[in-house]
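# A predicted structure for the sequence below; I have some questions about it.
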Amino acid sequence: MVRTTLSAAEARRVALAAQGFGQPPADAVSTRALNAGFARLGLLQIDSVNVFERSHYLPLFARLGTYDRSTLDRLTMSKRGPYAEYWAHEAAFVDRTDLPLFRWRMDALRERDAWPNRIDGVRRTEGVRRELRALLAAEGPMPASAVEHESNVRRGPWWGWSDVKLGLEQMFRWGDVVSAGRSGFERVYALPEQVLPAGTLEDAPARPAAVLELVRRATRALGVGTRADIADYYRLRSDDTAAAIAELVAAGELVPVRVESWAERAWMHADARVPRHVTADAVLSPFDPVVWFRRRAERMYGFHYRIEIYTPAPKRVFGYYVLPVLQDDRLVGRVDLKSDRQRGVLRVRTAWEEPGERLDAGRLAETLRRTAAWQGLDGVEVTDRGTAAAAVAEALGVRLVPHVAADDADASVALEPAV
């Protein structure tokens, strides 16, 4: 029977099942399972903050369980691996064969960079881009740091991209260069013909066909969502998304549904399941698809979420790098985690129970033990800050550690961009 209405709880379960939650974590995860998990999500957002672990490793761990991170590295960071990078959401790993679906975006970004408020930067790097193209053609793929050029100087108070880096990024946005893996987490750039089959980007589908396919994939990954939810998954325009939704509804691939307490219209993928129950225990990356669109997280889970790494320490509410805690179909808490590799412990610098929710401290303790083991750490340490800290420490069988000001100082560390 085709469902036309969903309760709020059913919508959460539909979404989590579509995202791959509901199965117990495996003791060992194969390469095949990693590829299947990646295919279900469609992309892994990249972020360079590694106070706990870099973001792209976390979604598959949350869904599948303990896996060898070096296996994912071989898939995502090698020159000939099956995955490449592009601005699919933010900077993200995508299947290399999906790059043609973003050819229209490359062209749109080239046009946008020619706007009057941007054209000066394009003109300034014109000569550098010519030299970079010739250098890559002569010497093969390389990261920006390997390029020696008199313009390679810092600009600005943060990471200050040089004209070399800016030129490479312009070319990457436009599809003039593509990613050829990473070296020390730094993106390696290549000419398309050096890593892609001939004609890959030239034979790409037109914008309407590409957007239709991206909306199809977004709705399958989301299970159920509003137009804004669907558009956000691949950062599509609202009008393009609306046209694709209408086409997919006409084809029977999407079903209009009303979701309890949602003010906006919603659509459910025709193949989506409505489970009676979803069992899940995970800590989520701030850039996990479950929470990366903050409006959806608030509407679906009642979870108001803002990452606080850029917030001055005295103004932070929950901590520096806070991860949502998922238990079954609810977001029940938050933990600020740090992998202290020198001491061999996973530090829980804050632990919070969400107002109106019941965080099961015993289940979270087991999740934290499993997380520490995956990180190669010997134990878990809990700082005495947060409404759930005492309960989590008791469940782990450890004493609370006094909070110190140094726990709040990570924002003073220079942050590097994901690119």
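Okay, I see it.

# Not counting its own residues, what contacts whichever helix or strand residue 268 is part of?
Following DSSP states H and E, one finds residue 268 within strand 266-269. With Cβ atoms under 8 Å, 6 or more residues apart in numbering as the test, strand 266-269 has contacts from 3, 6, 11, 14, 18, 219-220, 222-227, 229-230, 245, 248-249, 253-259. No exception for glycine: its C-beta is placed from N, CA and C like everyone else's.

# Now the buried members of the residues you listed.
6, 11, 14, 18, 219-220, 222-227, 229-230, 245, 248, 253-255, 257, 259 (16 or more other Cβ atoms under 10 Å).

# if I read this right, residue 194 contacts residue 142, doesn't it?
No - with contact defined as Cβ atoms under 8 Å, residue 194 does not count as touching residue 142 (10.7 Å).

# Report the set of residues contacting both of those two.
residue 136.

# With neighbour numbers in mind, choose between those two.
Comparing residue 194 with residue 142 by other Cβ atoms under 10 Å, the one with more neighbours is residue 142, at 18 against 15.

# Spatially central residue in the chain, please.
By Cα atoms, centre = their mean, the chain has its centre lying nearest to residue 45, at 2.8 Å.

# roughly how far apart are the closest residue to that one other than its chain neighbours and residue 264?
With sequence-adjacent residues excluded and distances taken as Cβ to Cβ, 6 or more residues apart in numbering, residue 45 is closest to residue 287, at 4.1 Å. Counting by Cβ to Cβ, to the nearest Å, the gap from residue 287 to residue 264 is 23 Å.

# Tell me the spacing between residue 134 and residue 125.
14 Å.

# Which residue of the two possesses the greater neighbour count?
Per other Cβ under 10 Å, whichever of residue 134 and residue 125 has more neighbours is residue 125, with 23 against 10.

# Now that one: closest residue in space that isn't a chain neighbour?
In space, residue 125 is closest to residue 167, 3.9 Å off (Cβ to Cβ, 6+ apart).

# got it, and residue 60?
Nearest to residue 60 is residue 37, by Cβ to Cβ, 6+ apart, at 4.9 Å.

# Ok, residue 391 next?
Closest to residue 391 by Cβ to Cβ, 6+ apart is residue 361, at 3.9 Å.

# ok, that neighbour - how many residues close by?
20.

# my guess is it meets residue 387, correct?
No - the pair residue 361 / residue 387 is not scored as a contact, 11.0 Å apart, by Cβ under 8 Å.

# hey, which helix or strand in the protein has the poorest pLDDT?
Lowest by mean pLDDT, DSSP states H and E among the helices and strands of the chain is helix 119-124, with a mean of 89.

# in the next helix or strand after it, what's buried?
Downstream of helix 119-124, the next assigned helix or strand under DSSP H and E is helix 126-139. For helix 126-139, the neighbour count (16+ other Cβ under 10 Å) marks 128-129, 132, 135-136 as buried.
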